[in-house]
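[1] Compute the structure for the input listed below.
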Amino acid sequence: MTNRITNQIKIGTAAATAVIGGEQPGIADENERPGWLFRKVATGTDKINWYFYGTGNKQLPLSSLRNISATISIDNYQGTSSLPFIHVYTIPTGSGDAGAWYHSKITYTIQPGQTIILGEAINIWTHTPPTQNNTLRSIPFNTRSVVGDGSPDEPILTISFSSDSAAPALTQILVEELGLSLHSSNTINNRIKLIA
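    Below you'll find the predicted structure:
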């Protein structure tokens with residue numbers, strides 16, 4: 001099944017406030033590229049954690065994830081801390097939780113050996129490659145690290161597209177779309193277009 005846009009979120013709306021989760025908001029790109037731009041203007045801890053999944057009426061386990069994907073451009077690369085990553089958090093249980101508000105945190109980063117060209121619009125993905133509705137190059141983000149148990153049966157709490165607080169000044173990432181595909185009793189595909 002081809003991923004298609006099912007939602008959109010505009011900068012400055014209540015929905016955008018929920019997505020940015022208390023970190024840096026997206027801004028419009030001065031070159032009018034579609035999406036939200038994150039620009040780290042000075043040395044410090046500025047970062048993004050843009051949340052794009054929350055548990056609905058049914059808790060879905062980690063094992064239901066088919067893929068997480070995004071359409072992005074990396075405009076300034078000064079080292080690996082300039083690269084974004086994806087976090088998946090699971091629901092806390094009150095016993096053995098790895099964080100104050102989550103049980104486990106699974107982080108997906110770029111697979112070693114991949115080539116990043118500055119300003120190139122690309123599709124990134126975890127797990128299995130989604131079928132995209134564009135002709136952009138696809139880059140796997142399948143290097144996985146786990147804090148906590150990360151058991152396949154843990155229910156997903158939320159998913160975020162993030163940047164490193166240790167990234168140098170001038171780190172710049174443009175995010176056009178965020179998406180995921182889950183398998184429950186049927187396949188659930190959700191793509192969110194970020195509107196400036």
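
[2] Do you have the helices of this structure handy? List them.
    14-20 (DSSP state H).

[3] pLDDT weak spots in it?
    By pLDDT under 70, the low-scoring segments of the chain are 1-6.

[4] Show me the strands in it, by range?
    Taking DSSP state E, the strands of the chain run over residues 7-10, 36-39, 49-54, 65-76, 85-90, 105-109, 121-125, 137-140, 143-147, 156-162, 172-183, 187-195.

[5] Now do the buried residues in the fourth one.
    Across strand 65-76, burial judged by 16 or more other Cβ atoms under 10 Å covers 65, 66, 67, 68, 69, 70, 71, 72, 73, 74, 75, 76. In short, each C-beta sits where N, CA and C put it, glycine included.

[6] How about stretch 167-178?
    Buried residues in stretch 167-178 (16+ other Cβ under 10 Å): 167, 171, 172, 173, 174, 175, 176, 177, 178.

[7] try stretch 14-30
    For stretch 14-30, burial by neighbour count (16+ other Cβ under 10 Å) applies to 16, 19, 20, 23, 24, 26, 29.

[8] got the contact list for stretch 110-120?
    Applying Cβ atoms under 8 Å, 6 or more residues apart in numbering, the external contacts of stretch 110-120 come out as 73-77, 83, 85, 122, 124, 137, 139-143.

[9] Out of those, the closest to residue 108 would be?
    Nearest to residue 108 out of the contacts of stretch 110-120 is residue 141 (Cβ to Cβ; 4.6 Å).

[10] what sits against the closest one?
    Taking Cβ under 8 Å, 6+ apart, we find residue 141 in contact with 85, 86, 108, 109, 110, 111, 124, 125, 126.

[11] what do you get if the cut-off is 7 Å, keeping everything else the same?
    Residue 141 sits next to 86, 108, 109, 110, 111, 124, 125, 126 when contact means Cβ atoms under 7 Å, 6 or more residues apart in numbering.

[12] just residue 146 next, same as before
    Residue 146 neighbours (Cβ under 7 Å, 6+ apart): 104, 106.

[13] quick one: it and residue 171, what's the gap?
    The gap separating residue 146 from residue 171 is 25 Å, by Cβ to Cβ, to the nearest Å.

[14] can you check residue 9 too?
    Taking Cβ to Cβ as the measure, residue 9 falls 22 Å from residue 171.

[15] Kindly report the same for residue 43.
    For residue 43, the distance to residue 171 equals 10 Å [Cβ to Cβ].
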